[in-house]
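Engineer: build me a model:
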Amino acid sequence: MPVDGGARGRKRTGKGATKGTGGQRRRGLRGKGPTPKAEDREYHIAYKRKQEREAELAKQRQREAHRTRTSIKITKDHELIVGRNPVWEAVESGINIIRVFIAADATDTRVANVLKAATQQGATIVEVTRRDLENASGETAHQGIGIEVPEYDYATATDLLEIAEDQLKTPLIIALDQVTDPHNLGAVLRSGGAFGATGVLITERRSASVNATVWKVSAGAAARVPVARETNLVQSLRALKEAGCFVIGLDGNGDVSLRDLELATEPLVIVTGAEGKGLSRLVRETCDQIVSIPIESAVESLNAAVATGITLYEVAQKRAAAN
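Structural biologist: Alright, predicted model coming up:
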């Protein structure tokens, strides 16, 4: 029987174009979409910063979770101060004690004095475990003692001038421009207490407030060096200038070296900016001088608290030499 020469008789070889290859080619010519955000690219520094932020948030959530597992409940308008020195310094300053939480040996002199002061004020004394104090404060070095106190009572910029007048001293005020780390605020208070500062000026927003961390880092200076809080730093600096103060800002690119500062013996406001950002534009424009601290070229910049401490020491030296 003859073979039909039509399509039915053709031998299939399996070769030829694959169905749909044209579509695959077109897809290959398409773009890969928008570029991912910097914080989503693993090799970018913004990604590392995002990871650090998320890690810190996770720690905060963990601390909050721990606080729910403690018998110590502090209301929103109160603070918990822990550690024998911070607690005793606060008590010695005459602070109002709401409650004392004790998990330490009451024969320790500082602990005994705290209990005595609390009893005289009629405050409640509560025996707790060390874990309770740790969970409530987020601190492991609480030394078995804590006090619940009212929220910090801030002064005003005008109050600081009146304090200097009452002390018969030339005003020496530290102003912090967007310094948000409570460790820096605590360290600044400690330096202020060591070198005769009248007080510290902060703002209500974008600034660390006086909390348990500040009390601890200040090593009791928070009880001796008043903190004023104002809404607008620039307006407060202008008001202080009108009252007779000179305002200097600290910056690595200042036009006056700290060693050559001639305003040290005058009523003075020292402004320190946030680490990295430095002084904000309006604050910088408000300053009478921008002062730099001579440092080795290998060091790019100084921590805000360190820079403030060095400046306070230099000012104190110049004032002592002038007397």
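Engineer: rest of the way, CA atoms for contacts and neighbours
Structural biologist: OK.
Engineer: quick one: the strands in the stretch 1-150 of the chain, in order.
Structural biologist: Counting by DSSP state E, counting those that start in this stretch, the stretch 1-150 of the chain has strands at residues 78-82, 99-102, 124-127, 145-150.
Engineer: contacts only, for the residue nearest the centre of the chain.
Structural biologist: Using C-alpha atoms, centre = their mean, the residue of the chain that lies closest to the mean C-alpha position is D181, 0.9 Å off. Counting by C-alpha atoms under 8 Å, 6 or more residues apart in numbering, D181 makes contact with S207, A208.
Engineer: before we move on, what about L115?
Structural biologist: Contacts of L115 (C-alpha under 8 Å, 6+ apart): V100, I125.
Engineer: quick one: pLDDT of it?
Structural biologist: We have a pLDDT of 89 for L115.
Engineer: what do you get for the one 5 residues further on?
Structural biologist: What the model reports for Q120 is a pLDDT of 91.
Engineer: neighbours of it, how many?
Structural biologist: Residues lying near Q120 (other C-alpha atoms under 10 Å) number 9.
Engineer: any idea how far it is from V114?
Structural biologist: Distance of Q120 to V114, given as C-alpha to C-alpha, to the nearest Å: 10 Å.
Engineer: can you check K216 too?
Structural biologist: 16 Å.
Engineer: on that earlier part again, and G276, which of the strands of the stretch 1-150 of the chain is closest to it?
Structural biologist: strand 78-82 (29.9 Å; C-alpha to C-alpha).
Engineer: columns distance to G220 on top of the strands of the stretch 1-150 of the chain, output as CSV?
Structural biologist: Shown next, in CSV, are the strands of the stretch 1-150 of the chain (distance: least, C-alpha to C-alpha, whole Å):
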stretch, distance to G220
strand 78-82, 11
strand 99-102, 17
strand 124-127, 22
strand 145-150, 14
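Engineer: format the ones you listed as TSV; extra columns: distance to Y43 and mean pLDDT.
Structural biologist: Formatted as TSV, those follow (distance: least, C-alpha to C-alpha, whole Å; pLDDT from 0 to 100):
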stretch	distance to Y43	mean pLDDT
strand 78-82	41	87
strand 99-102	48	91
strand 124-127	51	90
strand 145-150	45	89
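Engineer: assumed S207 was part of a helix.
Structural biologist: No. Under DSSP: H, G, I helix; E, B strand; the rest coil, S207 sits outside any helix and is assigned coil.
Engineer: neighbours of it, how many?
Structural biologist: 18.
Engineer: okay, it and K241: tell me how far apart.
Structural biologist: 22 Å.
Engineer: surely G186 touches V214?
Structural biologist: Yes. Counting by C-alpha atoms under 8 Å, G186 does reach V214; the two are 4.3 Å apart.
Engineer: what is in contact with the two at once?
Structural biologist: A222.
Engineer: count the neighbours of the spatially closest residue to T124 that is not a sequence neighbour for me.
Structural biologist: Nearest residue to T124, sequence neighbours excluded (C-alpha to C-alpha, 6 or more residues apart in numbering): R99, at 4.7 Å. By other C-alpha under 10 Å, 19 other residues sit near R99.
Engineer: please name the residues that touch R99.
Structural biologist: Contacts of R99 by C-alpha under 8 Å, 6+ apart are A118, A123, T124, I125, V126, I147, E148, V149.
Engineer: show the buried residues in those residues.
Structural biologist: A118, A123, I147, E148, V149 (16 or more other C-alpha atoms under 10 Å).
Engineer: next, format these as JSON lines and append distance to P171.
Structural biologist: Shown next, in JSON lines, are these (distance: C-alpha to C-alpha, whole Å):
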{"residue": "A118", "distance to P171": "34"}
{"residue": "A123", "distance to P171": "36"}
{"residue": "I147", "distance to P171": "32"}
{"residue": "E148", "distance to P171": "32"}
{"residue": "V149", "distance to P171": "29"}
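Engineer: the chain: helices as residue ranges?
Structural biologist: 21-29, 45-67, 84-92, 109-121, 130-137, 157-166, 182-194, 212-217, 233-242, 281-286, 304-322 (DSSP state H).
Engineer: now those as JSON lines including distance to G252?
Structural biologist: Output for those, formatted as JSON lines (distance: least, C-alpha to C-alpha, whole Å):
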{"stretch": "helix 21-29", "distance to G252": "52"}
{"stretch": "helix 45-67", "distance to G252": "24"}
{"stretch": "helix 84-92", "distance to G252": "33"}
{"stretch": "helix 109-121", "distance to G252": "43"}
{"stretch": "helix 130-137", "distance to G252": "37"}
{"stretch": "helix 157-166", "distance to G252": "27"}
{"stretch": "helix 182-194", "distance to G252": "18"}
{"stretch": "helix 212-217", "distance to G252": "26"}
{"stretch": "helix 233-242", "distance to G252": "21"}
{"stretch": "helix 281-286", "distance to G252": "13"}
{"stretch": "helix 304-322", "distance to G252": "10"}
